[in-house]
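**Q** model this:
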Amino acid sequence: MTFTTESSTTSFSQVFVSSDQNAVSRVTASFKALNVDQQLGVLWFLYTKMGRTVTPAAPGAARLQFAEGLLNDIKQMPPQDQLKAMRDIAASVNTPVSRAYGVLGANTKLAFWYQLAEWMKEGSVIGVPAGYPVSRASSQVLAAIEQLEFSQQITVLRNAVSGMGIDPLA
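**A** Okay, the predicted model is just below:
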């Protein structure tokens, strides 16, 4: 199946997520069950849809200046190294990039991925290729997140990105 940002809501509109507290846990667990590339794809598609069906996580409220050095390091890498760095962060591989990400606060991590998605849209960071085939599981996670309430969406995103990277202080 080829995925477009328009198809996630219509292809899986039958996915129902209740508004109870367990919805966040279920959707978070579904996201974490995806492989690394699927997780990166879900994050990219969610952040490209910000302002449409998924509410942005107020990146201005985060202390993005703490991540600027890491973001700029990634931006300066060749495209394949950018992808490897993102995969290492998502998979919590013990690398300098993943450790630098690991010390960031939860809101800064949300803003970090938002900034990467913005750069992907403008082409200065490697993005998801056009026509990227998204698995059924990824599409279901996207649809489930979109059906959550604002605070639940943010909690799922925060849960997803907070567990990434390596916190050398932990």
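**Q** in this structure, which spans are helices?
**A** Counting by DSSP state H, the chain has helices at residues 7-11, 22-33, 36-48, 68-76, 79-91, 96-102, 106-122, 136-146, 150-162.
**Q** okay, which residue is most central for the protein?
**A** residue 43 (2.6 Å; Cα atoms, centre = their mean).
**Q** got the contact list for it?
**A** 113, 117, 160, 161 (Cβ atoms under 8 Å, 6 or more residues apart in numbering). (Glycine included, C-beta is placed from N, CA and C.)
**Q** Going by distance to residue 85, which of those residues wins?
**A** residue 113 (12.5 Å; Cβ to Cβ).
**Q** Quick one: the helices of the chain as JSON lines, columns for distance to residue 170 and mean pLDDT too.
**A** Output for the helices of the chain, formatted as JSON lines (distance: least, Cβ to Cβ, whole Å; pLDDT from 0 to 100):
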{"stretch": "helix 7-11", "distance to residue 170": "34", "mean pLDDT": "41"}
{"stretch": "helix 22-33", "distance to residue 170": "18", "mean pLDDT": "96"}
{"stretch": "helix 36-48", "distance to residue 170": "21", "mean pLDDT": "90"}
{"stretch": "helix 68-76", "distance to residue 170": "18", "mean pLDDT": "97"}
{"stretch": "helix 79-91", "distance to residue 170": "15", "mean pLDDT": "97"}
{"stretch": "helix 96-102", "distance to residue 170": "8", "mean pLDDT": "97"}
{"stretch": "helix 106-122", "distance to residue 170": "14", "mean pLDDT": "89"}
{"stretch": "helix 136-146", "distance to residue 170": "26", "mean pLDDT": "94"}
{"stretch": "helix 150-162", "distance to residue 170": "12", "mean pLDDT": "90"}
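**Q** With residue 168 as the reference, name the closest of those helices.
**A** Ranking the helices of the chain by proximity to residue 168 (Cβ to Cβ) places helix 96-102 first, at 5.0 Å.
**Q** about what we covered before: and which of the contacts of residue 43 is nearest residue 128?
**A** Distance to residue 128 across the contacts of residue 43 (Cβ to Cβ) is lowest for residue 117, with 9.6 Å.
**Q** Nothing else from me, thank you.
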